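Colleague: This is a predicted model, with the sequence first.
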2 protein chains.
Amino acid sequence: MNTRNIRKICILVFIRFFFLTYLLPAKNGEEPTIQFLLEVVEILTNYVRKTFDRSTKVLDFHHPHQLLEGMEGFNLELSDQPESLEQILVDCRDTLKFTYEIAPVFVLMEQLTLKKMREIIGWTNGDGDGLFSPGGAISNMYSVMVARYKYFPEVKTKGMSAAPRLVLFTSEHSHYSIKKAGAVLGFGKENVILLKTDERGRVIPADLEAKIIDAKQKGYVPLFVNATAGTTVYGAFDPINDIADICEKYNLWLHVDGAWGGGLLMSRKHRHKLSGIERANSVTWNPHKMMGVPLQCSAILVREKGILQGCNSMCAGYLFQPDKQYDVTYDTGDKAIQCGRHVDIFKFWLMWKAKGTIGFEQHIDRCLELSEYLYNKIKNREGYEMVFEGQPQHTNVCFWYIPPSLRVMPHGDKRREKLHMVAPKIKAMMMECGTTMVGYQPQGDKVNFFRMVVSNHAVTKSDIDFLIDEIERLGHDL
Amino acid sequence: MNTRNIRKICILVFIRFFFLTYLLPAKNGEEPTIQFLLEVVEILTNYVRKTFDRSTKVLDFHHPHQLLEGMEGFNLELSDQPESLEQILVDCRDTLKFTYEIAPVFVLMEQLTLKKMREIIGWTNGDGDGLFSPGGAISNMYSVMVARYKYFPEVKTKGMSAAPRLVLFTSEHSHYSIKKAGAVLGFGKENVILLKTDERGRVIPADLEAKIIDAKQKGYVPLFVNATAGTTVYGAFDPINDIADICEKYNLWLHVDGAWGGGLLMSRKHRHKLSGIERANSVTWNPHKMMGVPLQCSAILVREKGILQGCNSMCAGYLFQPDKQYDVTYDTGDKAIQCGRHVDIFKFWLMWKAKGTIGFEQHIDRCLELSEYLYNKIKNREGYEMVFEGQPQHTNVCFWYIPPSLRVMPHGDKRREKLHMVAPKIKAMMMECGTTMVGYQPQGDKVNFFRMVVSNHAVTKSDIDFLIDEIERLGHDL
């Protein structure tokens, strides 16, 4: 094949080596400034050299409040507009200057960024609590732990036998991590009750209420409801307001799993899809998904302040000494189920500095625009069938490619069986020739279909055109 | 003060930016080859450039078994001797060539490295199971989950109410994450029973047996014993063989928390301190601690194959498609409580390549030698008092500095109160002037003492001398 025709479409990139590439403000299709990267490298190599120069200090101590007040011109605040690349280099240098014990500069970045995220969710004054965790599954697990602690705090000390038989609710289209949390935390996965969804994968609120009533009648105690903002496969947004009404009525914890869809909060055009999220008790939001931050960067955000600490603190005196000379409320380690934590905040904070809030909005709007472009191109095209009717809510475009040989076949088991094999075959061919890579999966009674997701704003319409051509080229003779 | 006298001693560095610095074979005190770093950067920038060149492939597909067989000269195996820096550059290039969906090259590196670690533990043929997790606390949590699944598999489905009242045992000197796991997983932290230790912080086996018998008499079911290999504060190694005897007698799961001390397994001179570890059912071992790998890099290793999968799998069809064209036993995601995982293996694997097994041994031996040097210098020195008698087992040297004003005070509450303030004051002064940083904490009824830990083999004896001088200079007039 002609390699000049080969295009790159990066879809749900799991591993990204070079986060700095993604720091640059969105300029579609433009090659990143390698020069900028090299300047960052120079800052780093100078720092490495310095650590071997014994005449320099181990640390340059400043109290956290001094850092917050912008000492030596270091401004931690995030703003709407992007900063210049020169300023980003200054930020890198400043950050290196202020890293020391338990890394307060990163703790402060975390606090500021989490507060900003809570403001964007719509919680009053951005108040509340939060943490960066090693991924959405762990963030969702935190939400269940905190809900349990809120309603049955004695479980922390006495175990699950101190609580009645608790049940959790989540949709059949939700991420499996809610079920996993049920298994891990000792609820049992059969006590995670799956809710029915409509044809587009959104929870049916009436089914939630019916199942709450049913559980109560059977002697179970409903505790927690997960609403998904952006399901993994269909990209569906559960109707949060309707679910919140039910949670208030029955006094249940409402969690919104916005691991995938949370990023849409950054877009004035699309954030209405998460309408009602400000009523949630907790939210999972993964900047490492839709916002293009490299793995791992997931936030668990909680509306009630102090509850993470209450839930998880073990008061390990050898780690968290109250007699330090600085304000120890910045020692946040005991809120986490981890002890040491990887610094996930820096890349996100720096990216926010570089893109500005406005840059994330453009990123999100662009990705959704590209998905709409794909959807519009294939919805009435010969050989394509959409998995569900209507414009997708998120960037997930779910479709079957029907090779000519199947177009003439009557609907029925035989056609289903054949269609089930099409996406895996095309994907295998894509991988063998290295042109592109699109994921597929079955869902419920639906046979394997492609799920095309755009989370990289550098994708172009011509990439989408190429993808369609490539599917047809590879699948035509199946 | 004279900055030319300022020395750097990096103790328990929580955040390390520049992992490549640590890749270099141990050559004490030598400045790292900046040239080497720049060559790595060039490989990376070329890769970045390439991703923007549309004539290149998205991926260069090879089956996992082809990679294992060393195709195109890429050798994944780890060996005793270090590789040359030139070869490390080749390894970096090869790795970049082979990254694609769910990153099989990293999965293979994980499998090979975990097997090597299991061999070093002493499990037959290195058989068993394992994962890299986001830290020792999570690895320890895995061990409790797997133990519960082994003895009460129905808890996964039905919750803790399907099991009797279970209890876990761990020493009062062990890491608080065992207690935290008890709270998180629904056992309750009061069902984590703390064992007495001897004056050096090692579990007293007779106390374990007495508490097992006591728990059984009270109607509880003992499930799990944690033995610590390298406690956080004293660096103590619990007597694993004695504990294993008791676990066998009562049919309990034996976990060894070697987060801190596991690294000593690499040393022929020091591994006897973990004697009996091959009898454990599971082991936590954090290369990001004693072995100098940057955060995060923690392994949970399990002797029984397949049990992690059994414990944690949720069989999410949309993620783990059995109809892929490659061997899907390499899709290991469903073993974890996470969904996506950060790639923690690459830096460790590459470091192993660069140092060789022999390099880790030298690193460990060197750190312990330096601690011994410190211990010998201060054990009989005026103004110092050791927290426990005798040569420390690990690199933890725990001591009080007694300022002249306290040396003449009679022992009693007043002296205790004053002594309790000494370490915090000296540490605050250290931080203010930026010369060095040593941690302190109280332990049980012992007032604040310094805990000096060496995990960086680039520390020199003159650094240790400087540290002692500095403590005396800062603390003399207290």
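Modeller: All right, it came through fine. Numbers count the residues shown, from 1 in each chain, chains lettered A, B, ... in the order given.
Colleague: To what extent is the residue nearest to A:Gly136 when sequence neighbours are not counted buried, counted in neighbours?
Modeller: In space, and not counting its chain neighbours, A:Gly136 is closest to A:Ala259: 3.5 Å by CB to CB, 6 or more residues apart in numbering or on different chains. The way it works is simple: take the backbone N, C-alpha and C, and place the C-beta from them, glycine included. A:Ala259 sits with 30 neighbouring residues when counted by other CB atoms under 10 Å in any protein chain shown.
Colleague: Isn't A:Ala259 up against A:Ser133?
Modeller: No. Contact criterion CB atoms under 8 Å: A:Ala259 and A:Ser133 do not qualify, at 10.8 Å.
Colleague: shared neighbours of these two, anything?
Modeller: A:139, A:298 (CB atoms under 8 Å, 6 or more residues apart in numbering or on different chains).
Colleague: re the thing from before, need the phi and psi values for the residue nearest to A:Gly136.
Modeller: Per-residue torsions, A:Ala259: phi -50, psi -50 (degrees, to the nearest 10).
Colleague: and the residue in the stretch 51-200 of chain A that chain B sits nearest to, what helix or strand is that in?
Modeller: Scanning the stretch 51-200 of chain A for the residue nearest chain B gives A:Gly186, at 2.5 Å (criterion: CB to the nearest CB). A:Gly186 is part of no helix or strand when elements are defined by DSSP states H and E.
Colleague: how about it, what does it touch?
Modeller: Contacts of A:Gly186 (CB under 8 Å, 6+ apart): A:159-160, B:155, B:159-160, B:185-187.
Colleague: how does it look with 10 Å?
Modeller: With contacts defined as CB atoms under 10 Å, 6 or more residues apart in numbering or on different chains, A:Gly186 is in contact with A:148, A:155, A:159-161, A:163, A:166, B:145, B:148, B:155-156, B:158-163, B:184-188.
Colleague: Is the residue nearest to A:Gly136 in contact with A:Tyr176, as I believe?
Modeller: No. Using CB atoms under 10 Å, A:Ala259 is not in contact with A:Tyr176, being 12.0 Å away.
Colleague: Who does A:Asp129 form a beta bridge with?
Modeller: Beta-bridge partners for A:Asp129, by DSSP bridges, are A:Val302.
Colleague: okay, now it: neighbour count?
Modeller: 22.
Colleague: Next: A:Lys50.
Modeller: 13.
Colleague: So, low pLDDT: which residues of chain A?
Modeller: Segments of chain A classed as low confidence (criterion: pLDDT under 70) are A:1-34, A:51-54, A:99-103, A:316-331.
Colleague: Can you give me the domain boundaries for it?
Modeller: A:11-94, A:104-312+A:321-340, A:358-475 (automatic domain parsing).
Colleague: between these, which gets nearest to B:Ile246?
Modeller: Evaluated over the domains of chain A, closeness to B:Ile246 peaks at domain A:104-312+A:321-340, with 23.6 Å, by CB to CB.
Colleague: gap between the two ends of that closest one?
Modeller: 13 Å (CA to CA, to the nearest Å).
Colleague: Could I get the full set of strands for chain A?
Modeller: Secondary structure of chain A (DSSP state E): strands at A:129-133, A:166-171, A:192-195, A:221-228, A:253-258, A:282-285, A:298-302, A:384-386, A:397-401, A:439-443, A:446-452.
Colleague: returning to what we had before: need the residues touching each of A:Ala259 and A:Tyr176.
Modeller: Residues touching both A:Ala259 and A:Tyr176 by CB under 10 Å, 6+ apart: A:137, A:140, A:232, B:339.
Colleague: Let me know the closest of the residues you listed to B:Ala244.
Modeller: B:Ala244 lies nearest to A:Ala137 out of the shared contacts of A:Ala259 and A:Tyr176, by CB to CB, at 33.4 Å.
Colleague: Without its sequence neighbours, what residue ends up closest to the closest one?
Modeller: Counting by CB to CB, 6+ apart, the residue nearest A:Ala137 is A:Ser177, at 3.6 Å.
Colleague: ok, the one you found - contacts?
Modeller: Applying CB under 10 Å, 6+ apart, one finds that A:Ser177 lies in contact with A:135-141, A:144, A:170, A:184, A:226, A:257, A:259, A:284, B:314, B:316, B:337-339.
Colleague: ditto for A:Ala215
Modeller: A:Ala215 sits next to A:165-167, A:169, A:191, A:193, A:221-223, A:250 when contact means CB under 10 Å, 6+ apart.
Colleague: Same list (the residues you listed) but as a markdown table, adding distance to chain B and neighbour count.
Modeller: Below are the contacts of A:Ala215 laid out as a markdown table (distance: CB to the nearest CB, whole Å; neighbours: other CB atoms under 10 Å in any protein chain shown):
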| residue | distance to chain B | neighbour count |
| --- | --- | --- |
| A:Arg165 | 6 | 16 |
| A:Leu166 | 8 | 26 |
| A:Val167 | 10 | 25 |
| A:Phe169 | 15 | 26 |
| A:Asn191 | 6 | 21 |
| A:Ile193 | 13 | 20 |
| A:Val221 | 12 | 14 |
| A:Pro222 | 15 | 23 |
| A:Leu223 | 12 | 23 |
| A:Tyr250 | 21 | 15 |
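Colleague: so which of these comes closest to B:Ala280?
Modeller: Nearest to B:Ala280, judged by CB to CB, of the contacts of A:Ala215 is A:Asn191 at 32.1 Å.
Colleague: Kind regards, and thank you for your time.
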